[in-house]
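Visitor: I'll drop the sequence and a predicted model, then ask my questions.
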Amino acid sequence: MALFVVRHQHAAERCPAQDPYMGAMLLNHLSRPNVRQHGVEIQGEAIVQGEHTLYLIVEASDEGRLREFLQPFHMAGTLDIYPASTCARVVASGGCAAAMPVSELVPALDPEDACQQAMEAGLVVHRAHPLNCETSVPALVGGVVMPNAHFYVRNHFQIPNLDATTFRLTVGGLVERPLSLSLHDLHTLRSQTLIVTLECAGNGRALSTPPC
């Protein structure tokens, strides 16, 4: 699904909302069940007060399908459709016109999705790609054990998106007993629980003079 920003304008004398029946028809057209039938998804909408201008943020498979869905608005006035992106994707890719980095080694999480998940979890993002975040101060207050969602993140590369059913951890080289372990094998190993304090080493390096 591609992201688009839509701008619709109409003359004051042709404002559809002046006719309550026409206004209701447009509301029904923008309703979630009807939108889904057209294969699009509206992420946000806003009308500029007093200017007869409507903005939509829409996901659609292509611009042609989106224009077909927006035909009622085109009949009432002008319709401008702009290919768009999210702030997280632009920052992760390194610029408004830059392409998103592609991992050729292993399947990887979409950098935009990983960044959005981190922000929704309340992490403080220091770099969108590769993703680096710190735990927010409010999350540190009131508990002893930090939930995984609030734990700081440090990456040098993209985040692998591994298939749990086929993933194998291989232990080889200068070892007495080479191993190939599945995710299930790792989960069933004996474990020990310790309550410890962890801090990203970068917090200390940032204060070094000269930087290291």
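Guide: Good, I have the coordinates. Residues are numbered from 1 along each chain as shown.

Visitor: for the helix or strand hosting residue 119, buried residues please.
Guide: Assessed by DSSP states H and E, residue 119 sits inside helix 111-120. Going by neighbour count (16 or more other Cβ atoms under 10 Å), the buried part of helix 111-120 is 111, 112, 114, 115, 116, 118. Every C-beta, even on glycine, is put in place using the N, C-alpha and C of the backbone.

Visitor: any idea how far the fifth one is from residue 87?
Guide: In this structure, residue 116 and residue 87 are separated by 10 Å, where distance is defined by Cβ to Cβ, to the nearest Å.

Visitor: likewise for the third one?
Guide: Using Cβ to Cβ, one gets 14 Å for the distance from residue 114 to residue 87.

Visitor: what's the answer for the fourth one, then?
Guide: Relative to residue 87, residue 115 is positioned 9 Å away (criterion: Cβ to Cβ).

Visitor: just the second one next, same as before
Guide: In this view, residue 112 and residue 87 are 9 Å apart by Cβ to Cβ.

Visitor: for residue 123, which non-adjacent residue is spatially closest?
Guide: Sequence neighbours aside, residue 133 is the residue nearest to residue 123 in space, at 3.8 Å (criterion: Cβ to Cβ, 6 or more residues apart in numbering).

Visitor: for that neighbour, list each beta-bridge partner.
Guide: With DSSP bridges as the criterion, residue 133 is bridged to residue 125, residue 153.

Visitor: which one of the buried residues of helix 111-120 is nearest to residue 83?
Guide: Using Cβ to Cβ, residue 112 is the member of the buried residues of helix 111-120 that lies nearest residue 83, at 15.2 Å.

Visitor: what residues are up against the closest residue to the closest one other than its chain neighbours?
Guide: In space, and not counting its chain neighbours, residue 112 is closest to residue 89: 4.0 Å by Cβ to Cβ, 6+ apart. Contacts for residue 89 (Cβ atoms under 8 Å, 6 or more residues apart in numbering) come out as 100, 111, 112.

Visitor: I'd guessed the last one sits against residue 88; true?
Guide: If I follow you right, that is residue 112. Yes. With contact defined as Cβ atoms under 8 Å, residue 112 and residue 88 form a contacting pair (4.9 Å).
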